[in-house]
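1. Quick one: sequence and predicted model below, then my questions.
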Amino acid sequence: MFQSFDSPTRPADGPPRLAALRAALAQAGLDGFLVPRADAHQGEYVAPRDERLAWLTGFTGSAGFCAVLPHIAGVFIDGRYRVAVKDQVDLDAFTPVPWPETSLADWLRAELPSGGTVGFDPWLHAIEQIDTLTNALEGSGITLSAVANPVDAIWPDQPAPPAGAVRLHPEELAGESARSKIDRLAARLRDGGHDHAVITLPDSIAWLFNIRGSDIARNPVPHGFAILHADGTAALFMDPAKLDASVRAALHPLADLHDPAAFEPALTALTGPVLLDRGTAPVRVRDLLTAAQVVPGQDPCILPKARKNPAEIAGMEAAHLRDARAMIRFLAWLDAAVPQGTLTEIGAVQALEAFRAEDPTLREISFDTICGAGPHGAIVHYRVTHDTDRAITPGDLLLIDSGGQYADGTTDITRTVATGPVTVDQRACFTSVLRGMIDMSRLRFPKGLAGQHLDAVARAPLWAAGLDYDHGTGHGVGAYLSVHEGPQRLSRTSDVALEPGMILSNEPGYYREGAWGIRSENLIHVAEAPPLAGGDAARRMLEFRTLTWVPIDRRLIDAEALGADARAWLDAYHADIRTRLASTLDEDVQAWLIAATEPL
């Protein structure tokens, strides 16, 4: 079982740890300290050793930070965690702060007198974060100071650094050799006038060298650093204990292999123009490039990694079909299990993982399954524990957001399931959410548009009803890499143009706090749209193609309100599911699928 149901934190642990941190800050002459959910690699996910935010505050969300001052400790959280944070932190010790509605600079100006000094760990903050904050604090009299991390000094049982084994990712699945990737990116460095590029993101390193790892739960990436040189050579800084003989043999022609301890001296020795991503590289990396000319620019792996090649798309398609088979078997099982009255959220999560685990190519789940019954469904990133486990009562709405890490692809799917009678309100809200997902799926759009231009398409049916949701409509997804991958997103703030090969989630939702939650999610990929009769042949159009093949619960749909075009799309989608999967299922599950995909 990949997923654990233990409670990782306790609110009661927060106050004494906060007191210890404040004592350490006073001793160091600091008036405050910033505690992000981050590590030295600046990826979205962190190892247990780097869960400083959770250890201090109890908050376990995937994004956020704490600003600790002598009289107040603000936990900055976005709309996804507005409900969860209230259950995870001691609200007498920590104050939730809505973010980004409230900027850290404004909060510090309001809470800290002029002349105050706020410490930060330069390995745990990206350059852009600190530069932006420094500029925003100009004139306030507040100073930022890079310091050794005081949280580490007061964390007596801090876990050891991860040391998961590194594996080779086959070229037939990667679609391109590591040598070709290195040469291609080195040529771009030369074209841009750069001598070197420093790469810190784990998924960039995994993609570039065609390797995978297990240093981060749910994410097949290894920890390490890399320096790519414009002459096509490279240096890889990674714990040698992670590399067996076969991996070493494959990497040796591609890069000089070094212990991570050699990374700092290597940075100090670099000269000439060095490409450095201010959004992902830690402040400490820039500080060490004392002999080089630092040139701000995007990590050279990010866009090529996002543009999936045909082999990666084929792998994702194959993985999604196998994942759909597991999901369909689970949903059929769920319909039979709920009426018995004994099923809980944990039981549902265990069953779903068991269905997925029957596939021999499953390597991990892609994130902890979100399985929220009734009011738990309104907690956007709810994670069930033994303490929060709830019976799934007939009549609950059940929101299940889950995914798998397969050898050939990464999946992420959300389905909301009716377990009994559905109210008029629930059906209306579900239909609005579904209409938004379908409208996005059907969209054709001109080349050059970004997620911020399309996000409203999924929200419009909800807006028409006076409703909305506090998360983005979609995130990028890796190919047997991180389930959250940039730079592309479907959100109000994403200005990255969508390009063929990019994979995104499409997941509008609506959440009634204290009652239920609704979300429908498929993965989609961007592709060239075929020309239409009468269209402008010179205007290049793109479209989304669906990767996920699992029925939508018809019991929750108001067919009339859905509209004719969306009904036609859904009926065709369900017919396609039958064609692709019915013959792979046992007779009883096949019967369930036939009923679940009847035309509206």
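-> Right, received. Where do you want to start?

2. Follow the chain on from the helix or strand hosting Leu257 and name the next helix or strand.
-> Element membership of Leu257 [criterion: DSSP states H and E] is strand 256-258. The C-terminal neighbour of strand 256-258 among helices and strands, as given by DSSP H and E, is helix 263-269.

3. what residues are up against Val483?
-> Counting by CB atoms under 8 Å, 6 or more residues apart in numbering, Val483 touches 218-219, 366-367, 403, 405, 410, 412, 477. No exception for glycine: its C-beta is placed from N, CA and C like everyone else's.

4. Present the residues you listed as JSON lines; the columns should include secondary structure.
-> Output for the contacts of Val483, formatted as JSON lines (DSSP: H, G, I helix; E, B strand; the rest coil):
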{"residue": "Arg218", "secondary structure": "coil"}
{"residue": "Asn219", "secondary structure": "strand"}
{"residue": "Ser366", "secondary structure": "coil"}
{"residue": "Phe367", "secondary structure": "coil"}
{"residue": "Gly403", "secondary structure": "coil"}
{"residue": "Gln405", "secondary structure": "strand"}
{"residue": "Thr410", "secondary structure": "strand"}
{"residue": "Asp412", "secondary structure": "coil"}
{"residue": "Val477", "secondary structure": "coil"}
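
5. Now flag whichever of the residues you listed is closest to Ala255.
-> Asn219 (21.6 Å; CB to CB).

6. what about that closest one, how many neighbours?
-> Using other CB atoms under 10 Å, Asn219 is surrounded by 28 other residues.

7. That one and Arg578: what is the separation?
-> Relative to Arg578, Asn219 is positioned 34 Å away (CB to CB, to the nearest Å).

8. go on, Ser441?
-> Ser441 sits 18 Å away from Arg578, taking CB to CB as the criterion.

9. Between those two, which has more neighbouring residues?
-> Ser441 (21 against 17).

10. Now the helix or strand harbouring Arg356: buried residues?
-> Using DSSP H and E, Arg356 sits within helix 345-357. By neighbour count on 16 or more other CB atoms under 10 Å, the buried set for helix 345-357 is 345-349, 351-353, 355-356.

11. any idea of the mean pLDDT for it?
-> In this model, helix 345-357 carries a mean pLDDT of 99.

12. same check, this time on stretch 118-132
-> 98.

13. next one: the longest helix seen in the chain to chain centre, how far?
-> Using DSSP state H, we find that the single longest helix of the chain is helix 310-337. For helix 310-337, the gap between its own C-alpha mean and the chain's C-alpha mean amounts to 20 Å (CA atoms, centre = their mean, to the nearest Å).

14. what helices or strands is it leaning on?
-> Helix 310-337 is packed against helix 171-174, helix 345-357, strand 404-406, strand 409-410, strand 413-418, strand 522-528, helix 564-581, helix 587-596, with contacts defined by 3 or more CB pairs under 8 Å, 6 or more residues apart in numbering; DSSP states H and E.

15. Is it correct that Gly115 is in contact with Ser140?
-> No. Gly115 is beyond contact range of Ser140, at 9.6 Å (criterion: CB atoms under 8 Å).

16. Please identify which of those two sits among more neighbours.
-> Neighbour tally, Gly115 and Ser140, criterion other CB under 10 Å: the higher count belongs to Ser140, 16 against 10.

17. Give me the most central residue, this protein.
-> Taking CA atoms, centre = their mean, the centroid of the chain lies closest to His484, which sits 2.8 Å from it.

18. Find me the pLDDT at it, would you?
-> pLDDT, read off for His484, is 96.

19. where does the protein have low pLDDT?
-> Along the chain, no part satisfies pLDDT under 70.

20. what's the domain layout of it?
-> 11-154, 167-302, 307-592 (automatic domain parsing).

21. For the strand holding Leu257, what is the distance to the chain centroid?
-> 30 Å.

22. Provide the strand pairings for it, with the direction of each partner.
-> Its sheet considered, strand 256-258 pairs with strand 234-237 (parallel) by DSSP bridges.

23. residue contacts, Gly79?
-> By CB under 8 Å, 6+ apart, the neighbours of Gly79 are 98, 380, 470-471.

24. Tell me how far Ala542 lies from Pro446.
-> In this structure residue 542 is Leu, not Ala. On the measure of CB to CB, Leu542 and Pro446 end up 7 Å apart.

25. Look at the two and report which has more neighbours.
-> Leu542 (20 against 12).

26. So the more buried one, which state does it fall into?
-> Quick answer, by three-state DSSP: Leu542 is strand.

27. Next up, the contacts around it.
-> Here Leu542 is in contact with 444-447, 449, 498, 500, 526-529 (criterion: CB under 8 Å, 6+ apart).

28. What of Gly164?
-> Contacts of Gly164 by CB under 8 Å, 6+ apart are 213-215, 222, 242.

29. Please tell me which one of those counts the most neighbours.
-> Pro222 (29 neighbours).

30. Confirm that it sits in a strand.
-> No. Using three-state DSSP, the assignment for Pro222 is coil, not a strand.

31. how far away is it from Val166?
-> Pro222 is 5 Å from Val166, by CB to CB.

32. where do the contact lists of the two overlap?
-> Joint contacts of Pro222 and Val166 (CB under 8 Å, 6+ apart) are 211-213, 238, 242.

33. now, the most widely separated pair of these?
-> Across these (CB to CB), the longest gap, 12.8 Å, separates Arg212 and Met238.

34. higher neighbour count, these two?
-> Higher neighbour count among Arg212 and Met238: Met238, with 26 against 23, using other CB under 10 Å.

35. For that one, list the residues it contacts.
-> Applying CB under 8 Å, 6+ apart, the residues near Met238 are 166, 222-225, 257-258, 260.

36. Repeat that for Pro461.
-> By CB under 8 Å, 6+ apart, the neighbours of Pro461 are 431-433, 435-436, 439.

37. Looking at these, which is nearest Ala391?
-> Using CB to CB, these come closest to Ala391 at Val433, 25.0 Å.

38. so the closest one sits right up against Gly509, yeah?
-> Yes. The criterion here is CB under 8 Å, and Val433 meets it with Gly509 at 5.9 Å.

39. Are there residues contacting both of those two? Which ones?
-> 518-520.

40. From the residues you listed, pick the one nearest Asn309.
-> Ser520 (28.7 Å).

41. Quickly note the distance from the closest residue to Leu267 other than its chain neighbours to Asp277.
-> Nearest residue to Leu267 in three dimensions, chain neighbours excluded: Leu288, at 4.0 Å (CB to CB, 6 or more residues apart in numbering). Going from Leu288 to Asp277 by CB to CB gives 15 Å.

42. Glu513 too?
-> From Glu513 across to Asp277, the span is 38 Å (CB to CB).

43. quick one on the thing from earlier: which secondary structure elements does the helix holding Arg356 contact?
-> Checking 3+ CB pairs under 8 Å, 6+ apart, helix 345-357 ends up next to helix 310-337, strand 362-365, strand 370-373, strand 397-402.

44. how about Ala262, what does it touch?
-> Per CB under 8 Å, 6+ apart, neighbours of Ala262: Phe237.

45. change it to 10 Å
-> Ala262 makes contact with 225, 235, 237, 256, according to CB atoms under 10 Å, 6 or more residues apart in numbering.

46. Now, of those, which are buried?
-> By 16+ other CB under 10 Å, those give 225, 235, 237 as buried.

47. Roughly how far does the second one sit from Asp195?
-> Counting by CB to CB, the gap between Ala235 and Asp195 amounts to 13 Å.

48. Same check on His386?
-> Using CB to CB, His386 is found at 54 Å from Asp195.

49. higher neighbour count, the two?
-> Neighbours around His386 and Asp195, counted as other CB under 10 Å, are more numerous at Asp195. The numbers are 18 against 10.
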